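Asker: Here is a sequence with its predicted model. Questions after.
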Amino acid sequence: MNQPQPTLCIGILTMNEARRIEQCIQSAKFATQIVVVDSGSKDDTVAIAQGLGAQVHTHADWQGFAEQRNRLLQYCSCDYIFFLDADEVITPALQVEIQAAVSSGQQATWEVLWNQVAYGRPLTLMKSTGGVQRMFPTSNLARFDGVVHEGAIVRNATTPVIKFKGRLLHYSRETIYGSLQKLAQYAQLGALKRAGNGKRGGILRGFASAFANFLQLYIFRRGFLCGAEGFLFCFFIALECFFRYSMIKYDKNLLEKTAAR
């Protein structure tokens with residue numbers, strides 16, 4: 001008797017992603033189930049996702065990325081789950097690897113690397129940063145922890161970690177205006193996380209973090225080979241590092257109010 005083929009759910013978090021969500025979902029169409037958890041979009045994100053056949057649930061009471069992923073997990077009815085961000089696209093090469101991994105029935109955690117696309121230019125000459133864990137057997141994934149750059153908590157920590165060779169296209173920075181908005185959001189979330197861990201902030205600490213990260217990205221990860229777009233990409237990440245530590249010191253009251261919500 002033939003065993004049923006393992007199934008795959010692709011889960012996507014959204015918030016005002018009408019520009020990007022169609023391309024994202026189209027790249028995930030090979031999955032058995034597509035689940036979108038929306039954080040209260042004011043644009044057409046929900047309507048577009050529903051029109052493309054995704055199962056959409058709205059949770060507008062924002063409590064962090066980890067909580068949104070945990071909420072998404074409860075709607076998954078498949079053997080495996082792959083987490084895809086709304087500004088990402090699964091390439092054909094990565095799709096083949098994902099399908100092979102699911103068909104194998106293997107118990108593992110899978111990491112994926114990014115190919116960054118910034119300000120209309122693929123930063124193909126820039127070395128990718130470390131892999132992010134994105135695919136899990138659903139039965140082994142307990143929850144996510146963390147307000148930003150959340151981490152997965154698995155039930156069996158001895159399962160192997162496998163890195164896909166194919167990469168995600170990551171459209172993380174399309175405009176200067178959008179980058180400034182993202183800078184404010186991620187700097188505050190990063191400050192909250194570090195303040196909660198007892199980190200100290202200030203101008204010098206922020207400058208040191210910004211300089212070290214810019215040097216790492218622009219020189220050692222070859223951002224300088226990607227022209228003006230590569231510079232802007234690295235510079236905005238460095239600015240996020242700077243303001244993250246500045247906020248710990250100068251926005252202390254605001255961070256305390258935000259953490260208490």
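Answerer: Nice, thanks for sending it over. Numbering: from 1, shown residues only.
Asker: Report the residue ranges of every domain in this protein.
Answerer: For the chain, the structural domains run 8-172, 175-260, going by automatic domain parsing.
Asker: Please tabulate the ones you listed in a markdown table, including the columns mean neighbour count.
Answerer: No exception for glycine: its C-beta is placed from N, CA and C like everyone else's. Shown next, in a markdown table, are the domains of the chain (neighbours: other CB atoms under 10 Å):
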| stretch | mean neighbour count |
| --- | --- |
| domain 8-172 | 18 |
| domain 175-260 | 17 |
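Asker: Which residue ranges of the stretch 101-250 of the chain form helices?
Answerer: Counting by DSSP state H, counting those that start in this stretch, the stretch 101-250 of the chain has helices at residues 176-196, 203-214, 227-250.
Asker: Now tell me which of those helices the model trusts least on average.
Answerer: Ranked by mean pLDDT, the helices of the stretch 101-250 of the chain bottom out at helix 176-196, with a mean of 90.
Asker: my guess is A86 contacts A18, does it?
Answerer: No - the criterion here is CB atoms under 8 Å, and A86 misses it with A18 at 9.7 Å.
Asker: if I look at those two, which residues touch both of them?
Answerer: Counting by CB atoms under 8 Å, 6 or more residues apart in numbering, the contacts common to A86 and A18 are T45.
Asker: Show me what the longest strand along the chain pairs with in its sheet, parallel or antiparallel.
Answerer: Assignment by DSSP state E gives strand 161-173 as the longest strand of the chain. Neighbouring strands of strand 161-173 in its sheet, by DSSP bridges, are strand 88-90 (antiparallel), strand 109-118 (parallel).
Asker: Let me have those in TSV, adding distance to E240 as columns.
Answerer: Shown next, in TSV, are the strands paired with strand 161-173 (distance: least, CB to CB, whole Å):
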stretch	distance to E240
strand 88-90	19
strand 109-118	14
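Asker: In JSON lines, list these along with distance to A228 and mean pLDDT.
Answerer: Output for the strands paired with strand 161-173, formatted as JSON lines (distance: least, CB to CB, whole Å; pLDDT from 0 to 100):
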{"stretch": "strand 88-90", "distance to A228": "23", "mean pLDDT": "97"}
{"stretch": "strand 109-118", "distance to A228": "10", "mean pLDDT": "94"}
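Asker: For N70, find the nearest of those.
Answerer: Nearest of the strands paired with strand 161-173 to N70, taken as CB to CB: strand 109-118 at 16.9 Å.
Asker: For the closest residue to D251 other than its chain neighbours, give me its contacts.
Answerer: Using CB to CB, 6 or more residues apart in numbering and skipping residues adjacent in sequence, the residue nearest D251 is A191, 7.0 Å away. Applying CB under 8 Å, 6+ apart to A191 gives the contacts G201, F243, R244, Y245, M247, I248, D251, L255.
Asker: Try it again at 10 Å.
Answerer: Listed by CB atoms under 10 Å, 6 or more residues apart in numbering, the contact set of A191 reads 148, 199, 201, 206, 243-252, 254-255, 258.
Asker: I figured G105 hits S139, correct?
Answerer: No - G105 is beyond contact range of S139, at 11.7 Å (criterion: CB atoms under 10 Å).
Asker: joint contacts of these two?
Answerer: In contact with both G105 and S139: D79, Y80, using CB under 10 Å, 6+ apart.
Asker: thinking again about what came up before, would you mind giving the helices of the stretch 101-250 of the chain as JSON lines with distance to A66 added?
Answerer: Conversion of those to JSON lines gives the following (distance: least, CB to CB, whole Å):
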{"stretch": "helix 176-196", "distance to A66": "11"}
{"stretch": "helix 203-214", "distance to A66": "23"}
{"stretch": "helix 227-250", "distance to A66": "18"}
